[in-house]
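Q: The following block contains a protein sequence and its predicted model.
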Amino acid sequence: MSNETEVKTLILTAKQVEKLLDMKEVIDAVEGAFRFKGLGKVQMPAKVYLDFPKHNGDLRTMPSYVEDLDIAAVKIVNVHANNFKEHGMRTVMATLLLVDPRTGAPLAFMDATLITGLRTGAASAVASKYLAKKNPRVVGMVGAGNQAKTQLLALLTQYGGFESVRICDMVSERAWEMAKEFRQKYRDRLPDIEAVPSPKDSVQGADIVVTATPSRKPLVMDDWVAKGTHFNCIGADAPGKQEMDPMILKRSRLVIDDWEQASHSGEINVPLHAGVLSRKEIHAEIGEIVAGLRPGRQRDDEITVFCSTGLAVQDCVTAKLVYDAAIKKKVGTYMQIIP
């Protein structure tokens, strides 16, 4: 007779995960994750990529372990730029395995598509807290896909509301639809939200600008940018991608999330490999700033840039929020995957 303990894994679908996540809680968890990373208390190898060039896509694996919290996870996420147009599917989809570090047993297997979106938005909210001016009034959005929506939701959660939001997208209908959606949901917090025809219209005069596109050439030009602007650069998450004129990066307080990832696939990757930008021009990693090891914004007239590649530790802490909420609310289905 075997005396082995049964290993049961909690399975959570996308709809179940959606009901268990709160953006404010995600922002707090991601801020904590950045702090742990800044203090060197995270194990997190850089993303491993599989490229599918004939399908214009890739797949990434993202493991992490937060030592102080004793939680570990591995996420698998894709980026397929043609999905929406050719297959009617999301560009980004993800799944995640939450692991018990004590035994290596799989605690939960869950959809991580929303986790990816919310924790990426949360990262920008945290970066804006430390790098943007104290009372931003105008937000410019370059890109109006699914990620742009979670970016704006995170900024709304962080700041409460804005006087004006301007949204542009290569597909103008998407910008119009996003503006309409947020106008209906947050009319009292966004008195002026509109779709605009070009990135220039989004960027000029904005206090915070979010770039969230799959572009491989600069969309935001240096001569549009006023002193005091803060940028959250989200779209450049693979080699060769870039959204910003490198001259903006050179005259900014430039902050990244992780050197190994950012130098390989973040907004800095193209100018860095072209010799236009050097490592010494990077001010800090965001975790160092959150941990109090390096300063954030120092003056109102500074241009600040946060280059986000997305860290596995962000997924790990967000998945733990989901798991704890699922246990408390008795959501999900248990399966014995491992005998």
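A: Thanks, I have the structure now.
Q: Spit out the contact partners of S164.
A: When contacts are counted by C-beta atoms under 8 Å, 6 or more residues apart in numbering, S164 is found next to R137, V138, V139, P191, D192, I193. To be clear about C-beta, it is placed using only N, CA and C from the backbone, and glycine gets the same treatment.
Q: what separates the helix or strand containing M62 from the chain centre, distance-wise?
A: Using DSSP states H and E, M62 maps to strand 57-66. Distance, stretch centre to chain centre, for strand 57-66: 14 Å (C-alpha atoms, centre = their mean, to the nearest Å).
Q: Walk me through which strands whichever helix or strand comes after it pairs with, and which way each runs.
A: Note on strand 57-66: by DSSP H and E, the next helix or strand toward the C-terminus is strand 71-80. Note on strand 71-80: by DSSP bridges, its sheet partners are strand 57-66 (antiparallel), strand 92-99 (antiparallel).
Q: any chance of those in CSV, plus distance to Y323 and mean neighbour count?
A: Formatted as CSV, the strands paired with strand 71-80 follow (distance: least, C-beta to C-beta, whole Å; neighbours: other C-beta atoms under 10 Å):
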stretch, distance to Y323, mean neighbour count
strand 57-66, 13, 20
strand 92-99, 6, 21
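Q: These: which one's closest to A33?
A: Nearest to A33 among these is strand 57-66 (6.8 Å), distances taken as C-beta to C-beta.
Q: Looking at neighbours, which among the contacts of S164 is most surrounded?
A: Most neighbours among the contacts of S164, by other C-beta atoms under 10 Å: V139, with 27 neighbours.
Q: Pairing partners for the helix or strand containing it, with directions?
A: In this structure, V139 sits in strand 138-142 according to DSSP H and E. Strand pairing for strand 138-142, using DSSP bridges, gives strand 164-168 (parallel), strand 208-211 (parallel).
Q: And that strand, how far out from the chain middle?
A: Centre-to-centre, strand 138-142 and its host chain are 16 Å apart (C-alpha atoms, centre = their mean).
Q: what do you get for stretch 132-152?
A: Put simply, stretch 132-152 sits 12 Å off its chain's centre (C-alpha atoms, centre = their mean).
Q: Look up the closest residue to the most centrally placed residue in the chain, ignoring the ones flanking it.
A: Closest residue to the average C-alpha location of the chain: T120 at 1.8 Å, with C-alpha atoms, centre = their mean. For T120, ignoring the flanking residues on the chain, the nearest one in space by C-beta to C-beta, 6 or more residues apart in numbering is G310 at 5.7 Å.
Q: give the contact list for the one you found.
A: If you count contacts by C-beta under 8 Å, 6+ apart, G310 has them with M62, T116, R119, T120, A123, D237, D257, Q261.
Q: one more time with 10 Å, if that's ok
A: 47, 60, 62, 75, 77, 92, 116, 119-120, 123, 234, 237, 257-258, 261, 265-266 (C-beta atoms under 10 Å, 6 or more residues apart in numbering).
Q: again with C316
A: When contacts are counted by C-beta under 10 Å, 6+ apart, C316 is found next to 29, 33, 36, 42, 44, 62-66, 69, 71-75, 96, 98-99, 115, 119.
Q: and what of N269?
A: 236-242, 261-263, 277, 307, 309.
Q: Kindly report the same for G32.
A: V66, D68, L69, V126, V290, V313, V317.
Q: What strand or helix carries it?
A: helix 23-38.
Q: got the CA positions of that helix in CSV?
A: Only the C-alpha atoms of helix 23-38 are listed here, as CSV (Å, rounded to 0.1, in the frame of the first residue of the first chain):
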residue,chain,number,x,y,z
MET,A,23,-5.8,46.1,-10.5
LYS,A,24,-5.0,47.9,-7.2
GLU,A,25,-3.8,44.6,-5.7
VAL,A,26,-1.8,43.8,-8.8
ILE,A,27,0.0,47.2,-8.7
ASP,A,28,0.9,46.7,-5.1
ALA,A,29,2.2,43.2,-5.8
VAL,A,30,4.3,44.3,-8.8
GLU,A,31,5.8,47.2,-6.8
GLY,A,32,6.8,44.6,-4.2
ALA,A,33,8.2,42.3,-6.9
PHE,A,34,10.4,45.2,-8.2
ARG,A,35,11.6,45.9,-4.7
PHE,A,36,12.6,42.3,-4.2
LYS,A,37,14.4,42.3,-7.5
GLY,A,38,16.2,45.5,-6.7
